[in-house]
Structures are given as C-alpha cells and as structure tokens.
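>>> Have a look at this fold, sequence not included:
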C-alpha cells in the first residue's frame, strides 16, 4: 500500500467525520472564539497596544484548545467504534498512523489560532509583526499540544473523559505559561513549573514576534519546543503500542 495514499485517506476521513462533532465545536471552536471576543470587547478600542498585547495569549490558547479537543474527539470516537482495530491491522506502520491522526488536529489548531488575528485586523494595525516567527511558533505549539492531547486521549474511553482530563492540563497552562500574566509576576514556587510547560516557550515566541517582549531567545524557544515534540511523539508511540487502543 502506498504510504501517502493511506496517510491522506486517514487525514481526509478525520476532517470529514470529526471537525464538526459537538464536543469539538464547544471546546475547540466556541470557547476560543468567545474568549477572544470577550477580551477584545474588554480592551479599550482606542488603545491598540492593549489588543496587540492580548494576541499572543489568545493565539496560544486557541491552539491549545483546538488541537486537544480535536484529538479527544477523534481518538475516543474511533476507539469506541472499534475503527482503530481496522487501522491497526492495515499494512502501514504505527508511525505513519500516528502522523496521519495528528496532522488533522495540527491543521485545525493552526486555523483556529489565527482567528484572533482576523478579528484584530479589523480593529488595529498589525504591521511590524514578524510573521515568519509567528507561523513557526504556532506550528510548534500545535504539534506539542496535539501530541499532549493524543497522550491524554489514548488513556480515555469516552469523549467526556478525554475533555475532563485535558482540562486538568489546559486551564493551569492558561495561568502558568505567561499567556495573560507574566511569569515574573507569579509566586516564586510556581515559576519552575512554568518552565516545564511547552506552551510557555510558544507564548514567548509569539510575544517576541508580535510585541517584541519575548524573555528568551527565539532559537532557544524553538529548540525547547522541538525537544518536547520528540519526547511527546515517542511517548505517544510507546503508549499506543502498550495500550494497543483496543
């Protein structure tokens, strides 16, 4: 079997069957969009700097919820419907299967992440942003968040379980990753936890690219995120083989 044909058909099936499932709409689309609109309405319309300073956090949050919600829906529905049995018995490698399953979530998360930018474009001038770093940061965050969502979804049998477990990680990340509150303002004992979260480095990349307020070097942020990608991918690979999703 041609690997690319298998990859494309798995990806296409996920896009067709799972993008508009109710749990994904509520957590992956409505929540990020409503949070974005709430923050923009709350920010004074005459102060563009307030809206611009919100963009990195809103984009990172949209990536996090969009990707993890997508995996929670995709994996748990297929596990419950036993369709993963057929995929696992297909003549393709487990690595190809994992890459095909996460590709749709990565694409979905990246699309959702730019919705705050679309809203902001109607309100403020977005010139001066380094879009190359923004896209790289969003891509790396989408991959790490997707793999984190996959690790959680593999251990769940129902969508509500996967979404609940995901919230144990997602909501603390909103407050510990420097999205809306600078890490320097957190209590000292919480700061080491912040630097153990991949979202911290993605948010720092976006802050540097959009507001020139990044704390760390952009290459360090990217290198750490790549490290998280490698670790999470092999962990998910091992976990899938161990649990065999049956």
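Arrived safely. Just so we're clear, the structure is a prediction, and the values are computed from it rather than from any experiment. Numbers count the residues shown, from 1 in each chain.
>>> where exactly do the helices run in the chain?
3-18, 22-24, 31-42, 48-80, 83-89, 94-113, 115-121, 131-154, 159-176, 191-194, 198-210, 218-243 (DSSP state H).
>>> where does residue 156 sit relative to residue 79, distance-wise?
8 Å (C-beta to C-beta, to the nearest Å). In short, each C-beta sits where N, CA and C put it, glycine included.
>>> whoops, I mixed them up, residue 226
For residue 226 relative to residue 79 (C-beta to C-beta), the value is 29 Å.
>>> Which one's more surrounded, those two?
For residue 226 versus residue 79, neighbours defined as other C-beta atoms under 10 Å are more numerous around residue 79 (20 against 14).
>>> The more buried one against residue 158, yeah?
No: assessed by C-beta atoms under 8 Å, residue 79 is found out of contact with residue 158, at 9.1 Å.
>>> what about residue 212, neighbour count?
Residue 212 has 10 neighbouring residues, counting by other C-beta under 10 Å.
>>> which regions of the chain sit below the pLDDT cut-off?
Under the criterion pLDDT under 70, the flagged ranges of the chain are 1-2, 20-24, 26-28, 42-49, 80-92, 159, 243-246.
>>> same thing but 50
Residue ranges of the chain with pLDDT under 50: 46, 245-246.
>>> nearest residue to residue 104 other than its sequence neighbours?
Nearest residue to residue 104, sequence neighbours excluded (C-beta to C-beta, 6 or more residues apart in numbering): residue 14, at 4.1 Å.
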